[in-house]
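Colleague: just coords:
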């Protein structure tokens, strides 16, 4: 997944209060928008050990965040691109390293929040 420079700029403006988010966005920019490459670099810096041949580690990390991010009150914000509350909840819940919260949110945004949360929805 490639994140556009316009999207990076939009998120920088929205997430100014979150230094780890700005680090993540700078890394994504340095990786020419390649989310998976940037996330892998950030994970290594955060002490994680993503396997270079495993392209499923970012989706697996996102799944760990599902219970936090799929709250009804948060879905509307995520759908509307308002990520500050979600970022704050991820950072306080400690389900993933703070510096990886933005890559997780970008992955989920690309997938679609409703599709991502579908396994937790009532039948």
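Modeller: Noted; the coordinates are in hand. Quick caveat: nothing in here was measured; it's all calculated off a predicted structure.

Colleague: just want the most central residue of this structure.
Modeller: residue 104 (2.2 Å; C-alpha atoms, centre = their mean).

Colleague: next SSE after the host helix or strand of that one?
Modeller: Per DSSP states H and E: residue 104 is located in helix 101-111. Scanning forward in sequence from helix 101-111 by DSSP H and E, the next helix or strand is helix 113-117.

Colleague: ok, and what's touching that next one?
Modeller: 62, 66, 69-70, 75, 78-79, 108 (C-beta atoms under 8 Å, 6 or more residues apart in numbering). Any C-beta I mention is one placed from the backbone N, CA and C, and that applies to glycine too.

Colleague: and with 7 Å instead?
Modeller: Contacts with helix 113-117, where a contact means C-beta atoms under 7 Å, 6 or more residues apart in numbering, come from 66, 70, 75, 78-79, 108.

Colleague: so how do I select the buried members of the residues you listed in PyMOL?
Modeller: With 16 or more other C-beta atoms under 10 Å as the criterion, this PyMOL line picks the buried residues out of the contacts of helix 113-117:
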select buried, resi 70+75+78+108
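
Colleague: which one of the contacts of helix 113-117 sits closest to residue 23?
Modeller: Of all those, residue 108 has the smallest distance to residue 23: 19.2 Å, by C-beta to C-beta.

Colleague: gap between the residue found closest to that closest one once you drop the neighbours it is linked to in the chain and residue 77?
Modeller: Distances taken as C-beta to C-beta, 6 or more residues apart in numbering put residue 116 closest to residue 108, at 4.9 Å, once the chain neighbours are dropped. Counting by C-beta to C-beta, to the nearest Å, the gap from residue 116 to residue 77 is 14 Å.

Colleague: more neighbours: those two, which one.
Modeller: Each of residue 116 and residue 77 has its neighbours counted (other C-beta atoms under 10 Å); residue 116 has more, 22 against 15.

Colleague: can you give me the helices in this protein?
Modeller: 5-14, 19-30, 35-45, 57-64, 66-69, 72-79, 84-93, 101-111, 113-117 (DSSP state H).
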